[in-house]
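Student: what's the 3D shape of this:
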Amino acid sequence: MRHNVKGRKLNRTSSHRKALMSNISAQLFEHKQIITTLPKAKEARKFAEKMITLGKKGDLNSLRQALKFLKQKKTVFTLFNEIAPNYKKRQGGYTRVLKLGLRKGDAAETAVLQLVEYDGATEVPAKKKKIALEDNKSKGKKEKKSDNTSIANEEKKEIKSEELKNI
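Tutor: Residues are numbered from 1 along each chain as shown. You can find the predicted model right below:
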């Protein structure tokens, strides 16, 4: 029985799990949103919110604790100087997890972990293939110039034509 045992093991050793949560949190603070599996996102949310709380305190001890966990000075200073001041009035709930669906390769449930009320983090990424298919259907045209060789040949022709104009 797992009485009073908190957290997910994620099929990893404790050191690997700690490194994973540190890296996911650092990437979240750097990019403002990340795509990962649902259990990882739910678990990383706890650590990211603790780091934002440390950033809101802003004292030297909090800075040292954040550096100990995140390991990247640039990310910690971004957290303390840019991200945490946006949440001064907020009492919690700095991140959100949005489900995306199943991943194609292994059918793992994916999710977006993003910062709440932060510029650039409100857009949920869509799948590129579906967008491309919808664009082609709306236009009713098929583009033949998807090969790299045909594009490279056109660029060479343009360069030659520009050189001839200059002469």
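Student: and the strands in this protein?
Tutor: Remark: strands assigned in the chain by DSSP state E are 33-37, 95-102, 109-115.
Student: residue contacts, the residue most central in space within the chain?
Tutor: Residue closest to the average C-alpha location in the chain (C-alpha atoms, centre = their mean): Ile34, at 2.0 Å. By C-beta atoms under 8 Å, 6 or more residues apart in numbering, Ile34 lies in contact with 24, 27-28, 41, 112-114. Bear in mind the C-beta positions are built from the backbone N, C-alpha and C, glycine included.
Student: show me which of the residues you listed is closest to Gln91.
Tutor: Of all the contacts of Ile34, Gln91 sits closest to Gln114, with 18.9 Å by C-beta to C-beta.
Student: count of residues packed around the closest one?
Tutor: 23 (other C-beta atoms under 10 Å).
Student: over to Arg45?
Tutor: 21.
Student: what does Lys50 give?
Tutor: The local packing of Lys50 (other C-beta under 10 Å) involves 15 other residues.
Student: show me the helices in this protein, by range?
Tutor: 14-31, 38-57, 60-70, 73-78, 128-139, 148-166 (DSSP state H).
Student: lowest mean pLDDT across these, which one is that?
Tutor: When mean pLDDT is averaged over each of the helices of the chain, helix 128-139 scores lowest at a mean of 56.
Student: now do the phi/psi pair for Asn4.
Tutor: Taking degrees, to the nearest 10, you get phi 60, psi 30 for the backbone angles of Asn4.
Student: start at 32 instead
Tutor: Let's use 32 as the start, then, which means that last one is Asn35.
Student: relative to Lys73, how far out is it?
Tutor: 19 Å (C-beta to C-beta, to the nearest Å).
Student: the more surrounded of the two?
Tutor: Per other C-beta under 10 Å, whichever of Asn35 and Lys73 has more neighbours is Lys73, with 14 against 5.
Student: look up the closest residue to that one, ignoring the ones flanking it.
Tutor: Among residues not flanking Lys73 along the chain, Val128 sits closest, at 5.9 Å (C-beta to C-beta, 6 or more residues apart in numbering).
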